[in-house]
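Trainee: attaching a predicted model along with its sequence, questions to come.
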Amino acid sequence: MELILDFGNTQKKLALFDAGKLVLIENHRTISRTILSAFIDSHPGITSCILSSVIRHSPGIPELLQQKFLLIDLDEHTPVPILNRYETKNSLGKDRLASAVAGAAKYPGKNVLIISAGTALTFDFVNDRGEYLGGSISPGMEMRFNALHTFTDKLPLLSYQEPAELIGSTTRQSILSGVINGIICEIEGISRCYLEKYPGLKIILSGGDLNYFVKPLKISIFALPNIVIHGLQQILAFNVNKTL
């Protein structure tokens with residue numbers, strides 16, 4: 001089995017793959033060495049693992065993993081199964097790279113746009129030659145709600161609610177319209193820009209806020225939850241195969 005560790009800003013995920021299939025995923029607010037040890041002990045049969053972390057994780061976690069398994073500690077030097085054309089590889093988010101890998105694997109030989117609706121709203125493009133070219137980053141839904149509340153004196157702090165009417169007749173409705181409809185229009189508008197340049201483009205939507213935006217979108221998309229986890233597993237398998 002393969003162990004995937006994805007330590008993001010909001011959620012820390014532990015996932016297990018068996019023969020390339022996702023069999024278990026857990027979400028944690030924090031993961032300590034003790035929590036990780038207990039997870040490993042309760043799931044015998046793990047032979048390799050990958051750690052993708054954008055936070056200061058608990059000391060000793062990489063050492064624990066190295067003692068037990070073949071460990072891939074993902075960074076800009078880790079070999080990946082696509083050609084990374086991003087100019088500043090050291091600043092590229094590991095989640096974005098993993099999403100690009102998973103998108104290219106889902107549609108090999110196709111132009112693919114991977115959209116992640118989470119803490120940030122990201123767009124990542126892989127062309128039909130398997131080259132990752134980059135994309136764009138803008139604030140995600142929660143960040144937009146927080147920004148309106150934080151940087152004004154009187155606007156309330158809201159969270160997702162439906163419906164989000166086009167014309168808000170109250171301040172609360174106006175905020176919901178601006179944030180929710182704004183994200184929908186951004187996804188549709190940027191996707192159409194890509195479609196104009198790359199006819200036949202495949203579009204994947206993922207991220208923690210995926211379910212809020214699948215139904216309202218008026219473009220053809222493929223919803224793929226946990227795309228980062230799948231991409232990390234593919235990077236791990238690629239590197240394990242290189243060592244055999």
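Mentor: Yes, it's here. Everything numeric in this text was worked out from a predicted model, so none of it was measured.
Trainee: just say helix, strand or coil for the residue sitting furthest away from the middle of the chain.
Mentor: When distances to the mean C-alpha position of the chain are computed (C-alpha atoms, centre = their mean), the maximum falls on Ser169, with 34.7 Å. Reducing the assignment at Ser169 to three states with DSSP: H, G, I helix; E, B strand; the rest coil gives coil.
Trainee: what do you get for Gly109?
Mentor: The three-state assignment at Gly109 reads coil, by three-state DSSP.
Trainee: my read: it touches Val126, true?
Mentor: No. Contact status for Gly109 versus Val126: not in contact, 10.6 Å apart, counting by C-beta atoms under 8 Å. All C-beta spots, glycine's among them, are computed from the backbone N, C-alpha and C.
Trainee: quick one: which of those two has more around it?
Mentor: Val126 (31 against 10; other C-beta atoms under 10 Å).
Trainee: so what's the more buried one scoring on pLDDT?
Mentor: At Val126, the predicted lDDT confidence score is 98.
Trainee: now swap in the one 5 residues further on and tell me
Mentor: Per-residue pLDDT puts Glu131 at 98.
Trainee: and the residue lying closest to it once chain neighbours are set aside, how far from Leu97?
Mentor: Of all residues not flanking Glu131 in the chain, Leu83 sits nearest, at 4.6 Å (C-beta to C-beta, 6 or more residues apart in numbering). Going from Leu83 to Leu97 by C-beta to C-beta, to the nearest Å gives 12 Å.
Trainee: more neighbours: which of those two?
Mentor: Between Leu83 and Leu97, counting by other C-beta under 10 Å, Leu97 is the more crowded of the two (25 against 13).
Trainee: quick check on the more buried one: phi, psi?
Mentor: phi -60, psi -40 (degrees, to the nearest 10).
Trainee: close enough to count as contact, it and Tyr132?
Mentor: Yes. Taking C-beta under 8 Å as the definition, Leu97 is a contact partner of Tyr132 at 7.2 Å.
Trainee: ok so, going back, joint contacts of Leu83 and Leu97?
Mentor: Residues touching both Leu83 and Leu97 (C-beta atoms under 8 Å, 6 or more residues apart in numbering): Tyr132.
Trainee: domain map for this structure?
Mentor: Each domain of the chain is listed here as a residue range: 1-73, 77-244, per automatic domain parsing.
Trainee: OK, contacts around Asp75?
Mentor: Residues counted as contacts of Asp75 (C-beta under 8 Å, 6+ apart) are Lys94.
Trainee: ditto for Tyr86
Mentor: Contacts were defined as C-beta under 8 Å, 6+ apart; by that measure Tyr86 touches 92, 132-134.
Trainee: is it possible to get JSON lines of those that adds secondary structure?
Mentor: Supplementary listing: those in JSON lines, determined by three-state DSSP:
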{"residue": "Leu92", "secondary structure": "coil"}
{"residue": "Tyr132", "secondary structure": "strand"}
{"residue": "Leu133", "secondary structure": "strand"}
{"residue": "Gly134", "secondary structure": "strand"}
